[in-house]
Structures are given as structure tokens and as C-alpha cells.
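**Q** Generate a structure from the sequence data that follows.
(2 chains)
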Amino acid sequence: MSAGAISPQGAASGRVLLEVRSVAKSFGATHVLKNISLQIASGEFLTLLGESGSGKTTLLRLIAGFEQPTSGEIWMSNERLDTLPPYKRRVNTVFQNYALFPHLNVRENVAYGLRVKSTPKAEIAGRVEEALRMVKMISFADARPATLSGGQQQRIALARALINRPQLLLLDEPLSALDANLRKQMQSELKALQREIGIAFLFVTHDQDEAMALSDRIALLRNGALEQVASPREIYSCPATAYTAEFIGQTNLLRGEVKDGVVRWGALQWRTSHVNGAALFSLRPEAIRLADASLHLPEAVRFRGIIRQQIYGGASELLEIDCGSEQTLRARIPVSGPLTGEHEFVFSCAEAVPVTESPAAHGSRATHRERR
Amino acid sequence: MYSRAYKAAISAPPLLWICLFLLLPYALMFAHSFWLVRDGSLIHHWNLQNYRALFTNPLYFEVFLRTARIAASVTLCSLLLGYPLAYYLSFHAGPRKELLYQLVIVPLWVSYLVRGYAWKTILGSDGVLNGFLQYLHVTREPVSFFLYSPFAVVLMLTHIYTPFVFLPIYAALEHIPRPLVEASQDLGADRRATFLRVILPLSIPGLLAGATFAFVLSLGDFLAPLLVGGPSATMIANIVQSLFGAAYDWPLGAAISVCILLITVSLLFATERLEKRWSFK
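**A** As a prediction, this is how the structure comes out:
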């Protein structure tokens, strides 16, 4: 767990750079954002993760200044941000489809921000070159954007934003238009670049793997509200809600009955600190292992189950286990050759994490399942 | 694939049309410009006398200069009206956009002649404008130079061609991706800088197309000077009309027409090249 002792929405570490205070945004009768409070520390890589329509891009646009909040305030380094027009804010944006100026060449695109601020010509030339070197595009300085590939345009968009030395860089799904291989490569380059220059990044994506790979912290948005804000490790291992548990990675959601520190779910039971009554637990598939004499888990829960299906996944296999309950359990185990029939399985009772029921779960969770 | 016979059958009618109603008339016009009229009858004798007359008689040059001046004024006025209108509709009209667009287009469905006579009614000595000015005691007697002046021609043609200028500019502005405008503001450019550095350069093809429409159409106009221009606003097309009509000098009229055609075609070529230079797709 993170050492951050401040509020859950607070910055994990370091000086607070940007603060979103109780911001709400409505378009007519549609409430796109509901009472969002969030802090970003300087130098932090924070990801806004959520499905389409969760309000993540709207929040980004509020910070950039393209939209006005309906209520609430946004502050940056003790300066009120939300009352300033976009061109007076010390934030820059990398747009989803890059938004490079088609009538300007690469050099002119990158120089744009400095030109409109009437920076001396000699300084512009030097800084453009520096920015183009940083993104390894110096040899394309005279090319038109239309002649560049998606990945190259992406780099130019980055250079064009970073040359202004913003305190905060906003990135609106910048990698979504790239193919899978290039996306992975750009992810690691982006992360390396962010560490090197130490500027805070606010990154919007709907891709949970991308969020996990890049972020210092993830802010999971759902229907315009923050579901959970935590580091990737924490949000994965200790999801606060059923929605988070299902959105980030895969999970088994087990609805059990707690009595005097013991959960009963079907024939299974394990120890918990949860209060008495109905409770929901998230048990990650990889937490369920094939029982083995050499395996010693603390407070192990053992059960027998019949393997209904085995799905080969290259690095691992997914098992669907029938353990006498209505719900089949999914287990992810190391590749182990074909398995059939009844086996003994085991998990540690600390790995069954109590999660709160997410209100209004149906619609959005269904669409989420379709993506799998 | 289609058979050769099918291709021939399908392309014959339009080719015939082009030959009969475009190429043949042009050829006839071109031939006429090298012939002569003597004693009221056409003589098929090849010579350059018509062109010589055009370039030596200062009258023709003067009328042509006036025509070009009027066409340029109309172009400038239509751009000054049409561009801001297109900009407002495309960027700031919000939900009123569709309605305003229709309102700009509606006059195009009204006959040119009707609009010409409307201006006559407005500008005349006992017209609407003079009546209004006298009612306000701005003027005591009717102002005569409203009607039958180059000013009236420019006014009427501007009124008629502004929608033609508006349309291509509006289309160009609508095609500018809005994230470009946001990117510009994001990089520190205020509205004015964004307009000058992003919106205006990206709308140049539309602006050129609109300007070409207004200039070329005004250059060949003969009804506006006829209806509201009077003798002081005679344009080159009026000369051509009279040469083909009352004056009965088809060869001279044809020579002038060839010159206008050459000017128009080279203008179209030039603007097309410019438009290509300024389009980034």
C-alpha cells in the first residue's frame, strides 16, 4: 500500500501541483462529472481510467480550459485555473488525433507555442532542435505532418507540447490510434521521457493495461464519479469496489455470508475481519492454485472442484472450476498440460478481498464484459 | 469490365453535347473574331483588324478597366461581407447555424431580374432610400447618384454574389478540424492569433474560390449596368451586347469575347494552382 497518509484522492507523494475541488460538469440535463476532487503531485504520472462516457476526457478538457465546470474549482500552484482562458494556462495537451497544423511543417508546428509568445528567433531555433532531438525526430524537421506515420505524428505532438515547458502535460488517449506493437513501444518511451523531464503527466485512457504499465497512480472514473484512486499495485490487489475489481484485471466476485469472522460461500469458508451479514469478495483467478504438497500458503483455504473448461493462454492457462456452487470459479495457473476431472485447489484467505457493492452496476458492467 | 461498344454508346451523348454546344460555338466565335463586316455584310476574310482596333481605340481599354475595377470592388465587398458571415456561422452561431445558413441561401432562389428591379426601386429618385433620407431630413432633395452609377452596380452585384462568396468559405471553415483551434489556444494563442495563424490560412482555398466566383461573374455581367448602371457604368459585356445587336459588328464583338475568355480562363488556372498550394489533405 502507498505511504500517502492524506485523503484517498490526495497526491501520493510530493508537492501538490494541481487540485480539482468538487468539480461537476453538466451538458444540459446530462451530468457528465459529479463532484470530482483530485490532486496531482508535481512530477507524478496520473492516469484517468474509465470506459467511454465515464467523463475522463471531459475532466481533461476542464483542466485544459476547453470547457467550463458547472460548479467547483480547479487550482494549480496556488493559482485559480478554471477562470483562465486556455491560452493563459501553464498546461499543454497532446490531442487524441495529434491535431498537428497541416499547413505548417514539423519545425513550425513545434515552434508554434514559442512563436505566439514572441520568443526571440534564436531561442526558438535552439529549443525546437532540442525538442525534436528529445523525441528523435530531428531528421523530419522540414516534413509536412501529412507525410508522417501515426507514431511520428505522435512524437511531434509531444514535442510541440513539451517545448512550452508546462508544469502539467495532459494526454488524451494519445496512443489509441496506434497499432498494438507501436503502442507498447510508445508506452515505454513515454514513461522514460516522463521520468527524464520530471513533468507531471495526466493521461487519459480506457485501456487498463496501459494505465497499469505507465501510472504512478490510477484514478478510475465511472459514470462521472471517482470509483477509486490508488497506485496500480494497490488498485489491483485491494480493489475498493466490485466495479474496480472487475474493471482492472479479471476476478471472481463471491457473494458470501459473514458470521463471527467467518465467510461462507457455498461449501467454502474462510476467515475475515468483515462485519456480520452479506458481503462481496473479490478473488483474483491467479490467487487460486492447484494444491501441491510443496505449496505452503498462510491460512490456506482448500477445496475440491471439477475442471469444466481449460483455456490455453500462452503464458498461463485459465480454468473454469465447478465446486458445487452455482457460480464457476476461474483460476489462472502456470501452463501445466491438459487437465480434466476433479482436483484440489487452494487460496490464501487474505487474497479474498472484501469489496463494496457498486451502485447502478448493471449497465456499465455489462458493456465492460463485452470487451473481454 | 465494360465492352468497347458499351463505353462508346455511353460516352457519345455527352461528347456530342460538348462538341455541338461548347466547342463549335467557341470555334465560330474564334473564327468570327478574324473576319470583317463591310457595308453591313460579313466578309470571310482573315485579318487582325478587330484586335488592332481593340488595342488602339482607348474607349475599349477604358471600359475594360472600369469593368475590372467594378469586378474587383464587388469581389472585395463580397469578401468583406461573406467571410465574417461564414466565420460567425461556422464558429459562433451554435444552434442557430442551420436557420442562418438557409437564410443566406434563400436569395439564390429569387430571380436575378427581380433583385435588380428591387434595387432600382430602392435607389431611384423617388425610391425607398431617398424617401427615407428625406423623411429623416438628412437630405432635402432626392439624391440622384444612388441610381445609374458604378456605385449602384457594385451594390447590386455585391448583393447578388455575396452568397456565392459565402458558400465556399463556409465549406472551408466547416472542414477545419476543431481540435486544431483548441491546439492553437492550448499552445498560448488567443483568438486573434488563432484566427491569423490557423483559421485564415486553412480557409484560403475557400476564400480563393469565392473571390473567383465574384470576380469572374461580375466581369461578364451586363444586366446590372443595364438596370441600375446607366451610361457612366457601361461594362465590357454591354459593349459586346451592342456589337452583336444594334451595331451589327459580330467580328469586333467576337474579338472582345475572345479576350474576356482568355482573361477568365487564365484567372481560373491561376486560382486553381493557388488553391492547390493552400490545400492540405
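
**Q** switch to C-alpha atoms for all contacts and neighbour counts from now on
**A** Fine.

**Q** Helix, strand, or coil at residue 46?
**A** You didn't say which chain, so I picked chain A. Reducing the assignment to helix, strand or coil with DSSP: H, G, I helix; E, B strand; the rest coil, the entry for residue A:46 is strand.

**Q** My question was about chain B, not that one.
**A** Classification of residue B:46 by three-state DSSP places it in coil.

**Q** now the helices: where do they sit in the stretch 51-200 of chain A?
**A** If DSSP state H, counting those that start in this stretch is used as the criterion, the helices of the stretch 51-200 of chain A fall at A:56-64, A:106-116, A:121-134, A:150-162, A:180-197.

**Q** typo on my end, it should be the stretch 51-200 of chain B
**A** Going by DSSP H, counting those that start in this stretch, the stretch 51-200 of chain B shows helices at B:58-87, B:97-105, B:112-123, B:128-135, B:150-174, B:178-186, B:191-194, B:200-219.

**Q** coming back round to it: closest one to chain B among the helices of the stretch 51-200 of chain A?
**A** Chain B sits nearest to helix A:106-116 of all the helices of the stretch 51-200 of chain A, at 4.7 Å, using CA to the nearest CA.

**Q** Take the helices of the stretch 51-200 of chain A and lay them out in TSV including mean neighbour count and distance to residue B:237.
**A** Putting the helices of the stretch 51-200 of chain A into TSV (neighbours: other CA atoms under 10 Å in any protein chain shown; distance: least, CA to CA, whole Å) gives the following:
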stretch	mean neighbour count	distance to residue B:237
helix A:56-64	23	57
helix A:106-116	24	47
helix A:121-134	16	53
helix A:150-162	24	53
helix A:180-197	14	63
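
**Q** what residues are up against the nearest residue to residue A:127 once chain neighbours are set aside?
**A** If you skip the residues right next to it in sequence, residue A:127 has residue A:163 as its closest partner in space, 6.8 Å away by CA to CA, 6 or more residues apart in numbering or on different chains. Residues counted as contacts of residue A:163 (CA atoms under 8 Å, 6 or more residues apart in numbering or on different chains) are A:110, A:111, A:113, A:114, A:127, A:128, A:131.

**Q** Chain neighbours aside, what residue packs nearest to residue A:260?
**A** In space, not counting the residues next to it along the chain, residue A:260 is nearest to residue A:276; the distance is 6.4 Å by CA to CA, 6+ apart.

**Q** wait, residue A:18
**A** Take residue A:18 and drop its neighbours on the chain: the residue closest to it by CA to CA, 6+ apart is residue A:76, 4.4 Å away.

**Q** residues touching whatever residue of chain B ends up closest to chain A, list them.
**A** Distance from chain A to each residue of chain B (CA to the nearest CA) is smallest for residue B:188, at 4.0 Å. Contacts here follow CA under 8 Å, 6+ apart; on that basis residue B:188 touches A:86, A:87, A:88, A:89, A:113, A:116, A:117.

**Q** can I get those residues in CSV with distance to chain B and pLDDT?
**A** Conversion of those to CSV gives the following (distance: CA to the nearest CA, whole Å; pLDDT from 0 to 100):
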residue, distance to chain B, pLDDT
A:86, 6, 95
A:87, 4, 95
A:88, 6, 94
A:89, 8, 94
A:113, 5, 96
A:116, 6, 95
A:117, 7, 93
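
**Q** Tell me the buried residues within the residues you listed.
**A** When the contacts of residue B:188 are checked for burial by 16 or more other CA atoms under 10 Å in any protein chain shown, the buried set is A:86, A:87, A:88, A:89, A:113, A:116.

**Q** Please list all residues in contact with the fourth one.
**A** Just to be clear, that refers to residue A:89. Residue A:89 sits next to A:64, A:65, A:81, B:186, B:188 when contact means CA under 8 Å, 6+ apart.

**Q** ok, of the helices of the stretch 51-200 of chain A, where does mean pLDDT dip lowest?
**A** Mean pLDDT is lowest for helix A:180-197 among the helices of the stretch 51-200 of chain A, at a mean of 90.

**Q** May I have that helix exported as PDB, CA atoms only?
**A** Presented in PDB, the C-alpha positions along helix A:180-197 are these (Å, rounded to 0.1, in the frame of the first residue of the first chain):
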ATOM      1  CA  ALA A 180      -0.500  -2.800 -30.800                       C
ATOM      2  CA  ASN A 181       3.200  -3.200 -31.300                       C
ATOM      3  CA  LEU A 182       3.900   0.500 -31.800                       C
ATOM      4  CA  ARG A 183       1.700   1.300 -28.800                       C
ATOM      5  CA  LYS A 184       3.800  -0.900 -26.500                       C
ATOM      6  CA  GLN A 185       6.900   0.800 -27.800                       C
ATOM      7  CA  MET A 186       5.500   4.300 -27.300                       C
ATOM      8  CA  GLN A 187       4.300   3.400 -23.800                       C
ATOM      9  CA  SER A 188       7.800   2.600 -22.600                       C
ATOM     10  CA  GLU A 189       9.200   5.700 -24.400                       C
ATOM     11  CA  LEU A 190       6.600   7.900 -22.900                       C
ATOM     12  CA  LYS A 191       7.300   6.600 -19.400                       C
ATOM     13  CA  ALA A 192      11.100   7.000 -19.900                       C
ATOM     14  CA  LEU A 193      10.500  10.500 -21.200                       C
ATOM     15  CA  GLN A 194       8.300  11.500 -18.300                       C
ATOM     16  CA  ARG A 195      10.900  10.200 -15.800                       C
ATOM     17  CA  GLU A 196      13.600  12.100 -17.600                       C
ATOM     18  CA  ILE A 197      11.900  15.500 -17.700                       C
END
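
**Q** buried ones in stretch B:221-237?
**A** Of the residues in stretch B:221-237, those scored as buried under the neighbour-count criterion (16+ other CA under 10 Å) are B:221-230, B:233-237.

**Q** between the helices of the stretch 51-200 of chain B, which has the poorest average model confidence?
**A** Ranked by mean pLDDT, the helices of the stretch 51-200 of chain B bottom out at helix B:128-135, which scores a mean of 84.

**Q** Now do that helix: which elements does it pack against?
**A** Using 3 or more CA pairs under 8 Å, 6 or more residues apart in numbering or on different chains; DSSP states H and E as the contact definition, the elements that helix B:128-135 packs against are helix B:112-123.

**Q** and stretch B:201-220, C-alpha only, in PDB?
**A** The C-alpha trace of stretch B:201-220 is given here as PDB (Å, rounded to 0.1, in the frame of the first residue of the first chain):
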ATOM      1  CA  PRO B 201      -4.500  30.000 -43.700                       C
ATOM      2  CA  LEU B 202      -6.700  26.900 -43.700                       C
ATOM      3  CA  SER B 203      -9.600  28.800 -45.300                       C
ATOM      4  CA  ILE B 204      -7.600  30.200 -48.200                       C
ATOM      5  CA  PRO B 205      -8.800  27.700 -50.800                       C
ATOM      6  CA  GLY B 206     -12.400  28.600 -50.000                       C
ATOM      7  CA  LEU B 207     -11.600  32.300 -50.000                       C
ATOM      8  CA  LEU B 208      -9.900  32.000 -53.400                       C
ATOM      9  CA  ALA B 209     -12.800  30.000 -54.800                       C
ATOM     10  CA  GLY B 210     -15.300  32.600 -53.500                       C
ATOM     11  CA  ALA B 211     -13.300  35.500 -54.800                       C
ATOM     12  CA  THR B 212     -13.000  33.800 -58.200                       C
ATOM     13  CA  PHE B 213     -16.800  33.400 -58.400                       C
ATOM     14  CA  ALA B 214     -17.500  37.000 -57.600                       C
ATOM     15  CA  PHE B 215     -14.800  38.400 -59.900                       C
ATOM     16  CA  VAL B 216     -15.500  36.200 -62.900                       C
ATOM     17  CA  LEU B 217     -19.300  36.500 -62.700                       C
ATOM     18  CA  SER B 218     -19.100  40.300 -62.300                       C
ATOM     19  CA  LEU B 219     -16.600  40.600 -65.100                       C
ATOM     20  CA  GLY B 220     -19.100  39.200 -67.600                       C
END
